[in-house]
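**Q** Please find the sequence and the predicted model below.
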Amino acid sequence: MKYRTLGRTGLKVSEIGLGTWAMGGDEWGPVDDAESIRAIQRAVELGVNFIDTADVYGAGHSEELVARALQGRRRDEYILSSKAGFDIYSQPGVPGGAGQNFTPAYLEHALAQSLKRLQTDIIDVYHLHNPNLEIIRQGDALNTLVKAREQGKIRFIAVSVSTVEEGIACIESGVVDTLQLVYNLISREPEAKLFPLAKERKIGIIVRTPLAFGLLTGKYRVGHPFPAGDFRRDMPADWLETNIPKVEKLRFLVKGRIKSLAQAAIAFVLSNDAVSVAIPGAKTVRNAEENLAASEVAPLDADDLRLAAELYAHNFAN
């Protein structure tokens, strides 16, 4: 496993971390808690030190699993990343919570609960979870995290964003240390404006969905029947029809040292020097091992990067 610096935080993070959304068990179909814990522990054995979770993942369940998996390890051996902003408390049992809430009082309460579930007195990287542009610019939510940092409850301020414009607003706020965003072989919007600005300001970049919700594993076909409880069943009707042909045109990346499309997809993300850490999800030990092998094959060859860029530029029409 190789390591990178998470922007101005100075944290040395494994270039591949572990995303634990799927381990929450309420949006990705059936999950086995014992296997999830084994997957976390195996990832750590292989050098992962960056574990990403959120309170809304299984209404706290993912955070609890992370704590159980890391029990007995020294706190300085791993970096905890979590998030808040979806109200999971006012209507217990509602999938995804009862809507977003970024008021100072709510964020303070959510942070206190996450600290308890994670069995720690400080969270290393704490995110606002997908706030809109108005919330970012208004400033109260970010100022609440500034206060939490001053109180020693978090170390660094982060925001999980959905658009380039939101990311730029976070950087311009002057208080955000790290951004979490979508970046992968079929979704490359941050490259043109956001990544150069992040590098200039020394903002750490955490890449979520490097596998595009599983599409870039290459194992799905048009009409794939996702199981009950899997949020992908509710994606737009043409989601698979639109994206599977793109994925098929990227199979040329699987060759030589690269043994799977998933490894190629993660290696692509790591080929960009603006990226500090990619956080593919895993529900099993096997998933974790395959994903982490991408650290050994990154970066992609220059010719392959050029061909992938050409495909994207032409919307995979060629």
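**A** It's in.
**Q** contacts and neighbour counts: CA atoms only from here.
**A** Fine.
**Q** what's the burial count for Val275?
**A** 23 (other CA atoms under 10 Å).
**Q** Not counting its own residues, what contacts stretch 84-92?
**A** Identification of contacts with stretch 84-92 by CA atoms under 8 Å, 6 or more residues apart in numbering yields 54-56, 59, 94, 96-102, 106-107, 110-111, 126-131.
**Q** again, but for stretch 302-309
**A** Residues lying outside stretch 302-309 but in contact with it, judged by CA under 8 Å, 6+ apart, are 185, 250, 253, 268.
**Q** go again using 7 Å as the cut-off
**A** Surrounding stretch 302-309, the residues in contact under the criterion CA atoms under 7 Å, 6 or more residues apart in numbering are Leu253.
**Q** How about that stretch, which residues are buried there?
**A** 305, 308-309 (16 or more other CA atoms under 10 Å).
**Q** Let's see which of these end up in helices.
**A** Among the buried residues of stretch 302-309, the members found in helices (DSSP state H) are 305, 308-309.
**Q** Now do the phi/psi pair for the most centrally placed residue in the chain.
**A** Among the residues of the chain, the smallest C-alpha distance to the mean C-alpha position (CA atoms, centre = their mean) belongs to Arg208, namely 3.0 Å. Backbone geometry at Arg208, expressed as degrees, to the nearest 10, gives phi -100, psi 160.
**Q** ok, it - contacts?
**A** The contact partners of Arg208, taken as CA under 7 Å, 6+ apart, are 180-183, 278-280.
**Q** top of these by neighbour count?
**A** The member of those that has the most neighbours, counting by other CA under 10 Å, is Ala278 with 29 neighbours.
**Q** so what's that one up against?
**A** If a contact means CA under 7 Å, 6+ apart, then Ala278 has 15-17, 206-208, 210 as its contacts.
**Q** now do 6 Å
**A** With contacts taken as CA atoms under 6 Å, 6 or more residues apart in numbering, Ala278 has the following neighbours: 16-17, 206-207.
**Q** what residue ranges in this protein are flagged as low confidence?
**A** When the per-residue scores of the chain are filtered using pLDDT under 70, the ranges that remain are 26, 95-96, 318.
**Q** which stretches of it form strands?
**A** 3-5, 12-14, 18-19, 50-52, 79-84, 123-129, 154-160, 178-182, 204-208, 277-278 (DSSP state E).
**Q** Among those, which comes closest to Asp301?
**A** Closest approach to Asp301 among the strands of the chain is made by strand 277-278 (18.5 Å; CA to CA).
**Q** how far is that closest one from where the chain is centred?
**A** With CA atoms, centre = their mean, to the nearest Å as the basis, strand 277-278 stands 8 Å off its chain's centre.
**Q** Stretch 147-159 now?
**A** Here the centre of mass of C-alpha atoms in stretch 147-159, compared against the chain's by CA atoms, centre = their mean, lies 19 Å away.
**Q** ditto for stretch 10-19
**A** Using CA atoms, centre = their mean, the offset of stretch 10-19 from its chain centre is 11 Å.
**Q** follow-up on the earlier one: what's the closest of the contacts of Ala278 to Arg4?
**A** The closest of the contacts of Ala278 to Arg4 turns out to be Ile16 (CA to CA; 9.5 Å).
**Q** Reformat the buried residues of stretch 302-309 as CSV; add distance to Ile136.
**A** CSV is the format used below for the buried residues of stretch 302-309 (distance: CA to CA, whole Å):
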residue, distance to Ile136
Leu305, 34
Ala308, 33
Ala309, 31
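**Q** Let me know the closest of those residues to Ala237.
**A** Ala308 (26.0 Å).
**Q** For the closest one, give its distance to Ser260.
**A** Taking CA to CA, to the nearest Å as the measure, Ala308 and Ser260 are separated by 16 Å.
**Q** ok, now Arg286?
**A** Distance of Arg286 to Ser260, given as CA to CA: 13 Å.
**Q** cool, Gly204 as well?
**A** 28 Å.
**Q** Show me the contact partners of stretch 177-188.
**A** Contacts to stretch 177-188, defined as CA under 6 Å, 6+ apart, come from residues 157-161, 203-210.
**Q** before we move on, the earlier item: out of Gly204 and Ser260, which sits in the busier spot?
**A** Gly204 (27 against 19).
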